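Q: quick one, what's the 3D model for this:
(one chain, ligands or ions: 1)
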Amino acid sequence: MRIIMKKIVPFIFAAQIIFVFVSGSFAQPQQQQNQPITVIRAGRFFDSENGVFLPARDIIVKGNLIESVGENLPVPKGATVIDLRKYTVLPGLIDAHTHLLYLENLQGGLTMEGMKALTIEGTPLRALRGAARGKTFLLSGITTVRDLGNSGRFGDVALRIAINEGTVDGPRMYVSGPGLSSEGGQFPGLQYNYKSIADEEYRIIHGADDARSAVRENITFGANCIKIYSNNTPNPTMLSMEEMRAIVEEAHLYRVKVAAHATSDVAVRRAVEAGVDSIEHAYQVSDETLKLMKEKGTALVPTDSDFESFKYFVENSGGTQKLTDEQIKQELKFQQDRLKRALAAGVTIVAGSDMYIDMQRPQGDAAKRVLFAYLESGMTPVQILQAATINAARLFNNPRLGAIKTGTFADIIAVEGNPADDFNAIEKVRFVMKNGKVYMEAK
Ligand SMILES: [Zn+2]
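A: Numbering: from 1, shown residues only. Model prediction:
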């Protein structure tokens, strides 16, 4: 009996899959006919692919996709019209480096706050809090995030599922699961006897074979990107070249992209040589390594601080050191200089905030300040908005993201004013649509 069952069950299962496939594809045109149609009238329109602001455009949204974009389009029968003629309309913004399930007290520090998140907060509560943070990202106009670890064991996957099924409101999520790191993760000072605690927040890698297993493990349990720590600052060690090459090869086999935390020039160079898709931070990167990034098409995600946020951090993080505005500017000069050098080298910039500090304001608003850091480094508004839309979409290899054109997801935001003239407009979000659903209605 059991043997027979074994033979039959896989057959039924396979047959069901075929049925779903076939009926799914045949049912689609009919479904599309019944999908609601919305016409958005945009006063000004950001064409992210060409990097230009265009005058008034109409956008026709059908279901969750954009059907067409043009001038003075006729309103289809039964369509809803949304009037955004007062505003500038942009693709939903993308933040390529978030940690929705981790929020650090300003006066905390990585080890103690990390331990607290693991041992006292716990993954279920982190995911619930992450859900609330996710909503603030959506309402600040960030409709997609790439969440790179520090979420316990797959708390990020749980949050993505809850968002996608509509249980909670939040941005689209790429999630990495636990980041792949050498011993100790990012917990300096951990006692040897308790080193396994790091494995609750990171995936500690022991050799190339284990690295491949870790990639398969993360993908199996729901990750759709891979995060590695070329060097796991502030701890002193690095992943080996063999480990990183194995990770990249394995992830790319499943068409999954690899993001590498790398702060020192050596760590950046090794990760680039191993073939990762993006480098996060790269504070100490040399011109020579930037040249290699340009050659290999490796994107840079500069998780930088703007003046206002850094000043707030300095004044509220409990340190005895008081800095003048001039000193704060000096402190920021180093990261600004490296972003300028990256731009000069022609490296693709993708926006990512890494905003995991509690700035006593909605987390999405705090994260969006990274765009002002880029402005202060001399990037133009168009360059910044491309970094936060089309460049990110290309890094994720998702042609449905980062642009408003036929066939892309209806992820559309509107801001008051013209960001090209006054970038502060980007803080005045007046309308948010994600996947065809309105989350903030225009007044
Ligand atoms: Zn980070």
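
Q: how about the secondary structure of residue 168?
A: Secondary structure state of residue 168, per DSSP: H, G, I helix; E, B strand; the rest coil, is coil.

Q: residue ranges of the helices in the stretch 301-443 of the chain, please?
A: 307-316, 325-344, 363-368, 370-376, 381-387, 390-395 (DSSP state H, counting those that start in this stretch).

Q: any chance of TSV for those, columns distance to residue 268?
A: Yep, even glycine has a C-beta here, placed from its N, CA and C like the rest. Shown next, in TSV, are these (distance: least, Cβ to Cβ, whole Å):
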stretch	distance to residue 268
helix 307-316	22
helix 325-344	10
helix 363-368	23
helix 370-376	19
helix 381-387	18
helix 390-395	16
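
Q: and stretch 254-265, end to end?
A: Distance between the two ends of stretch 254-265: 29 Å, counting by Cα to Cα, to the nearest Å.

Q: with stretch 277-292 instead?
A: 13 Å.

Q: now do the buried residues in it.
A: Going by neighbour count (16 or more other Cβ atoms under 10 Å), the buried part of stretch 277-292 is 277-283, 285-286, 289-290, 292.

Q: same thing with stretch 115-129?
A: For stretch 115-129, by 16+ other Cβ under 10 Å, it's 115, 117-118, 121, 123, 126-129.

Q: what sits closest to residue 170 if chain neighbours are left out?
A: residue 134 (3.1 Å; Cβ to Cβ, 6 or more residues apart in numbering).

Q: farthest pair in the buried residues of stretch 115-129?
A: Maximum pairwise distance among the buried residues of stretch 115-129 (Cβ to Cβ): 19.6 Å, between 115 and 128.

Q: export the helices of the stretch 301-443 of the chain to TSV and tack on mean neighbour count?
A: What follows is the helices of the stretch 301-443 of the chain, written out as TSV (neighbours: other Cβ atoms under 10 Å):
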stretch	mean neighbour count
helix 307-316	16
helix 325-344	15
helix 363-368	24
helix 370-376	22
helix 381-387	22
helix 390-395	24
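
Q: and of these, who's closest to residue 428?
A: Residue 428 lies closest, by Cβ to Cβ, to one member of the helices of the stretch 301-443 of the chain: helix 363-368, at 11.3 Å.

Q: who are the packing partners of the closest one?
A: Applying 3 or more Cβ pairs under 8 Å, 6 or more residues apart in numbering; DSSP states H and E, one finds that helix 363-368 contacts strand 93-98, helix 123-139, strand 142-147.

Q: now render the ones you listed as a markdown table, adding mean pLDDT and distance to residue 226.
A: Shown next, in a markdown table, are the helices and strands packed on helix 363-368 (pLDDT from 0 to 100; distance: least, Cβ to Cβ, whole Å):
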| stretch | mean pLDDT | distance to residue 226 |
| --- | --- | --- |
| strand 93-98 | 98 | 14 |
| helix 123-139 | 98 | 20 |
| strand 142-147 | 98 | 11 |
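
Q: residue 56 is nearest to which of the ones you listed?
A: Ranking these by proximity to residue 56 (Cβ to Cβ) places strand 93-98 first, at 21.6 Å.
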